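Visitor: output the structure for:
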Amino acid sequence: MTTYTEPLNSVLETVGETPLVRVQASPEEVPVFAKLESFNPGASIKDRIGVYMLENLLERGDIDPGGTVVEPTAGNTGIGMALAATQVDLEVTFVVPEEFSVEKQVLMRALGAEVVNTPTEDGMKRAIDHANELVDNLDNAVVPQQFSNRLNAAAHEHTTGPEILQALDGEVGALVAGCGTAGTLMGTARALLDSNPETHVVAVEPEGSLLARTQGRDVETAEYAIEGIGTSDLSTNELYDPAVVDEVRQVSDRVAHEEMQRLAREEGQLVASSAAAAAVAARDVAVAVRDGHLDVPHETVVTIFPDSSERYLSKGVYDSFEEWAED
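Guide: Numbering: from 1, shown residues only. The predicted model follows:
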């Protein structure tokens, strides 16, 4: 992590340059390193796209200063965009399925955003549709649409990926990352693949998500408690390019919950369920490399911890599995 030795003019200058820390339970021979994105000022990886997307939308003339950004989001993207908007003269409105993290919605409002809720049972597709409906009735307004906007992936191709390469002197054997909008995975993977085309890329999703269908696997949609990754509608994942991904690994809610609690208890890592799922998959990949079942260019595995468990305490993440899954 960069050590800031001089005063900065804006909180936006602290976005990125997050630490890369070993997952201690990973094999000695093939270490797993996690990018700790809770070190961003808005405490998640979405700060990166918040700054990158809003600055580029203004630069391209997609919106003028004083305009309104309307975005469908489960929360962290909203916080990142709201944080950026405080510094770039834009207003922000977010459309959020109503039962998503209360903590995130409180923080979005604290940063000056308007939050509009849609029914949880209608999913993100309804949130996307409603965001477009709102913009149709506003002047100087735009829906960046993180699910389809290539600026989402570009933010990680220009920041997250190069930071990982710099920290590991370019020696990355595999990238194992959760996949929601696919921006983080696609952008980071492209940066790593540009450095070494043999880098093994793994998308992580919950059991019950459908990304595995892109690899011809017959998986069924089902409800899952892991938040922030996965999809029940592949048509909303426009950024996802199956050609970039070598494999899709699914992780069950129960295994992710166990790992979330283990990471806190044994490693002092206060991360949420999506990070725990990624950690499980990354460790499995590292074991496969160690045991000679997977060939990668370097014996290192990188994963990404997108945010902190503090965002989900109201969901009972540290309660029993049954209580968490029920919430």
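
Visitor: which stretches of the stretch 1-150 of the chain form helices?
Guide: 46-60, 76-88, 102-110, 123-136, 150-158 (DSSP state H, counting those that start in this stretch).

Visitor: angle of the last one against helix 76-88?
Guide: Same thing as helix 150-158. On the basis of axes from the mean of the first three to the mean of the last three C-alpha atoms, to 10 degrees, helix 150-158 is oriented at 90 degrees to helix 76-88.

Visitor: likewise for the first one?
Guide: Taking the same axes, to 10 degrees, helix 46-60 and helix 76-88 form an angle of 50 degrees between their directions.

Visitor: just give the number of residues close to residue 114.
Guide: Using other C-beta atoms under 10 Å, residue 114 has 15 other residues around it. C-beta here means a position set from N, CA and C on the backbone, and glycine is covered the same way.

Visitor: state the pLDDT value of it.
Guide: Residue 114 is assigned a pLDDT of 95 by the prediction.

Visitor: equivalent analysis for residue 3, please.
Guide: pLDDT, read off for residue 3, is 66.

Visitor: got a markdown table for the helices of the stretch 1-150 of the chain, with mean pLDDT and distance to residue 234 too?
Guide: A markdown table is the format used below for the helices of the stretch 1-150 of the chain (pLDDT from 0 to 100; distance: least, C-beta to C-beta, whole Å):
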| stretch | mean pLDDT | distance to residue 234 |
| --- | --- | --- |
| helix 46-60 | 97 | 21 |
| helix 76-88 | 94 | 20 |
| helix 102-110 | 88 | 25 |
| helix 123-136 | 89 | 11 |
| helix 150-158 | 97 | 17 |
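
Visitor: so which other helices or strands are in contact with the top helix by length along the chain?
Guide: In terms of residue count, the longest helix belonging to the chain (DSSP state H) is helix 273-290. With contacts taken as 3 or more C-beta pairs under 8 Å, 6 or more residues apart in numbering; DSSP states H and E, helix 273-290 sits against strand 20-23, strand 32-36, strand 174-178, strand 200-206, strand 247-251, helix 253-267, strand 301-305.

Visitor: so residue 62 makes contact with residue 142?
Guide: Yes: assessed by C-beta atoms under 8 Å, residue 62 is found in contact with residue 142 at 5.4 Å.

Visitor: those two - which one has more neighbours?
Guide: residue 142 (19 against 16).

Visitor: give me the pLDDT for that one.
Guide: Residue 142 is given a pLDDT of 96.

Visitor: so what's it bridging to?
Guide: The bridge-partner assignment for residue 142, based on DSSP bridges, gives residue 69.
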